[in-house]
Each structure stands twice: as C-alpha cells, then as structure tokens.
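Asks: structure for the following, please:
(one chain, ligands or ions: 1)
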Amino acid sequence: MSLQLPSDLATRPTPFYLYDLGLLRQTLQAAQRAAESRNIQVHYALKANTNDPVLQLMREHGFGADCVSGNEVQRALEAGFAPDHVVFAGVGKSDAEINRALAADIWCFNVESGPELEVLSELAGALGKKARVALRLNPNVDARTHHYITTGLKANKFGIGMAELPGVVDMLATLPHVELVGLHVHIGSQITDISVFETLCHRVNELQQWFEHRGIVLPHLNVGGGLGVNYEQPDEQLIPDFEAYFSTIDQYLRRRPEQQVHVELGRALVAQCGTLVSRVLYVKESQQTRFAILDAGMTELIRPALYQSYHRIENLTSQGEEQLYDVVGPICESSDSFGRRIALPETRRGDVVVLRTAGAYGEVMASNYNLRDKAPAVYV
Ligand SMILES: *Cc1c(COP(=O)(O)O)cnc(C)c1O
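Replies: Numbers count the residues shown, from 1 in each chain. Below is the predicted model:
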C-alpha cells in the first residue's frame, strides 16, 4: 500500500496534515476485532488526535473516550460518545473540570492522588452525586521507551505510589461521595517490546491480590495504552500488531469472572494514518552540511524537537541520486530539525517532502510560535 495523496496536490499550499481515512478504518477494524474477541473494551486516548472525522470513526467502531482535560471530555461528548463510555484521567484536574465531568455523568474518574480523591468526593457531594473512580497506580514498571514518555516509574509524577496506596485505600472508606470501580495503570508510550505488557499484567495481578486481601473487589481493570508503532519503516507495518498486544493481555492478566478489562490506545490507532506534507523552500549548502529547509517545522510536528524522535522523511518529487541532508524547519530554534544526515534523492526548491507517521501527537501539539498559521487538515 502506498501513500494516498490528494488529487490537487500540485496546486495545494503547504504545509498541511494529510489523513488517510481508509487506512484509519482498516486500523480500527483490526483493533476492534482483536479486542472484541477477547472481550476487552478500548477507550481511545483523545489527546493523540481530536479531529472530528477521527473521533467519528472511533465512535462508529465502538470505542469509548479516554480524556485528560475538561475540554477533551467536552469534545468527546460533542462528538457523540456516550457519557458512560467516557473516562477522565490526568494528574492535575481543576475543580471546574471535575465539576463539568460530574455534571455530564461520565463513567469514571481515574484518580491520581489522595488529595484529588478528597476534592472529588467533596465536589461530587456538593452536586448530590457519587463519582465512580479508578485508582491510577504507579506500578514502577519500566516501559523501556524514551524517558520523556515513560510514566510508570517511581520518579514520574503520574499515579499513586505503592507507599501511598494503603493510606489512599483507607481514605476511600471515609469518603461518602466516591465509589471505587477499578484499577488503572499506564506506564508510558511508544512501547514496542510486547514483553513489557506481560510484565505489566503480572504487576496488575499482584495489585489485584493486594486489594482482594483487603476484601475489595474491583469491577474493572484498566491497563492503559502505550502500544507503539513503526516510525522507521511505516510501510512495513501500517497496522500495528493488535493480535499480539491483546493476546498478551488476555493471556497474562488474571481477570476475575464478570470483570471488565479496558485499554486506552492513542498512538497505535492514529499515528500511521497521518502525514505532514511540506515543500522545500531552500537547499542551503555550507562547508559541512547541506540543509533542506522545509516550509513545515516544529510548530506543525514537535516530536523530533521535544523527544528526539524520528519521523520517516520522503521526497515525493525527486528521483535523483541520493545525497545526505539535514532536514530542518523555518522556525527560529536550532532544535527545529527533523533529522540530520538523511539520505534523500537530490532535493530542490519546490519538492514535496513528507514526514510520515504524524497522525498521533502531531496536529494536537501544533503551536503558533513565530505567529505561524495553523496548518489545515486534508482527508483522503
Ligand atoms: C496518553 C495516554 C494514553 C495513550 O497513550 P498512547 O501511547 O498514545 O497509546 C493512555 N492513557 C493515559 C492515561 C494517557 O495519558
């Protein structure tokens, strides 16, 4: 399968985000088949991409919504997700955000600390409600990914630490307006080693036993998201190996009869369907380096500058002989670079250059730094 391009590419201004909705459909079908056959519920992590066509397809495929801000909760509800399929996570929920989610009767708050639990109970009480909560635990499992996208180690700000857990569970018994419905863990993103999920399941099994020893039954277990994608060679794996992922969870998570199992995938569902399309503004040669300067930069795709991550770069125009380029954007920051010494066919001003695998954490992280215009989304 090759990149689907808009028919009017020659005259279309760049940069823009290109989304292949056919590929997205196939990806969601593959995920849904693998999850459904194991009776696992998928909640889409909205933060990866909140564009309406994307949200509509998520909803049509039966996914719920995993939100990390009040506005994301709002967006999910506006996109038609049923409130009882909406989850609200995040380490710093404001009172206003909590109140909005309570008013909407969302299904569950993933609570990340004792103080948050107290505030939630108080706010729910004031509205005459009882909030369903899952405790987000920090299981201290290494996701073996970039340190900026690791979330499940002791040193990270996310989740309730093991040392704090007994205190939080005691507190639960004293709070009248919250009801414990489950356990939540999420240890990081872009996890490509499936054995990490096996380790995580073993940890969750231990945690579940810890609760059961205290006579606490958990109606659901949420093992988070984090399944990675192939950024180096996207065409070799446009659709992630959902079978391997869900079968690992199915095999190693010791689920109790009637217990629901949830996952929250973001990147794995939407990364490959998106491409950032740009044109070369200038080729600038210095003694050491040949720069290809694009009209897209870190304002459209910040992951390389933020996490030192790599997106595959392709020149769609040229078939010339390969040369090495430092591929950079136009923004006034040295970190505004998409890659050094990248082999591209001989590149000229006006060539169309794409950055692949940009559907997740691309457009949602766009900024207007340097007063840049917002790049539009184009769907094929
Ligand atoms: C970001 C996030 C996810 C999704 O992560 P992906 O790596 O995109 O799958 C899931 N759950 C929580 C709590 C998150 O913060």
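
Asks: from now on I want contacts and neighbour counts done on CA atoms only, so please keep to that.
Replies: Will do.

Asks: wait, what's in contact with the residue in the stretch 1-150 of the chain that the ligand sits nearest to?
Replies: The nearest approach of the stretch 1-150 of the chain to the ligand comes at residue 45, 4.9 Å away (C-alpha to the nearest ligand atom). Residue 45 is in contact with 65, 66, 67, 225, 264, 265, 266, counting by C-alpha atoms under 8 Å, 6 or more residues apart in numbering.

Asks: which residues touch the fourth one?
Replies: The one in question is residue 225. Residues in contact with residue 225, defined by C-alpha under 8 Å, 6+ apart, are 45, 186, 187, 188, 189, 263, 264, 265, 266.

Asks: again, only this time at 7 Å
Replies: Neighbouring residues of residue 225 by C-alpha atoms under 7 Å, 6 or more residues apart in numbering: 186, 263, 264, 265, 266.

Asks: so which residues make contact with the longest helix along the chain?
Replies: Using DSSP state H to define each element, the chain has its longest helix at helix 195-213. Here helix 195-213 makes contact (C-alpha under 7 Å, 6+ apart) with 139, 141, 143, 248, 249, 252, 253, 254.

Asks: and the gap between the last one and residue 171?
Replies: Put plainly, it is residue 254. 27 Å (C-alpha to C-alpha, to the nearest Å).

Asks: with residue 316 instead?
Replies: As judged by C-alpha to C-alpha, residue 316 and residue 171 stand 59 Å apart.

Asks: and stretch 258-277, end to end?
Replies: Rule used - C-alpha to C-alpha; the end-to-end distance of stretch 258-277 is 47 Å.

Asks: let me see the mean pLDDT of it.
Replies: Averaging the model's pLDDT scores along stretch 258-277 yields 98.

Asks: right, is it up against the ligand?
Replies: Yes. Using C-alpha under 6 Å from any ligand atom, we find that stretch 258-277 touches the ligand at 264, 265, 266, 267.

Asks: which parts of the stretch 151-300 of the chain sit against the ligand?
Replies: Taking C-alpha under 6 Å from any ligand atom, the part of the stretch 151-300 of the chain that reaches the ligand is made up of 186, 189, 190, 224, 225, 226, 227, 264, 265, 266, 267.

Asks: and the helices in the stretch 1-150 of the chain?
Replies: With DSSP state H, counting those that start in this stretch, the ranges of helices along the stretch 1-150 of the chain come out as 21-36, 52-60, 70-78, 95-103, 114-126.

Asks: quick one: which of those is nearest residue 234?
Replies: Among the helices of the stretch 1-150 of the chain, helix 21-36 comes nearest to residue 234, with 12.3 Å by C-alpha to C-alpha.

Asks: which residues of the protein score low on pLDDT?
Replies: Along the chain, the parts satisfying pLDDT under 70 run over 1, 148-155.

Asks: from what I can see residue 340 touches residue 327, true?
Replies: Yes. Between residue 340 and residue 327 there is a contact under C-alpha atoms under 7 Å: 6.4 Å.

Asks: which one's more surrounded, those two?
Replies: Neighbour count, other C-alpha atoms under 10 Å: between residue 340 and residue 327, residue 327 has more, with 24 against 14.

Asks: tell me which element that one is part of?
Replies: Assigned by DSSP states H and E, residue 327 belongs to strand 322-328.

Asks: just the C-alpha atoms of that strand, please, in PDB.
Replies: Coordinates of each C-alpha in strand 322-328 appear next as PDB, following Å, rounded to 0.1, in the frame of the first residue of the first chain:
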ATOM      1  CA  GLU A 322      20.800  10.100  -3.100                       C
ATOM      2  CA  GLN A 323      22.500  12.700  -1.100                       C
ATOM      3  CA  LEU A 324      22.700  13.500   2.600                       C
ATOM      4  CA  TYR A 325      20.600  16.400   4.000                       C
ATOM      5  CA  ASP A 326      20.000  18.000   7.400                       C
ATOM      6  CA  VAL A 327      16.200  18.400   7.100                       C
ATOM      7  CA  VAL A 328      15.100  21.400   9.100                       C
END
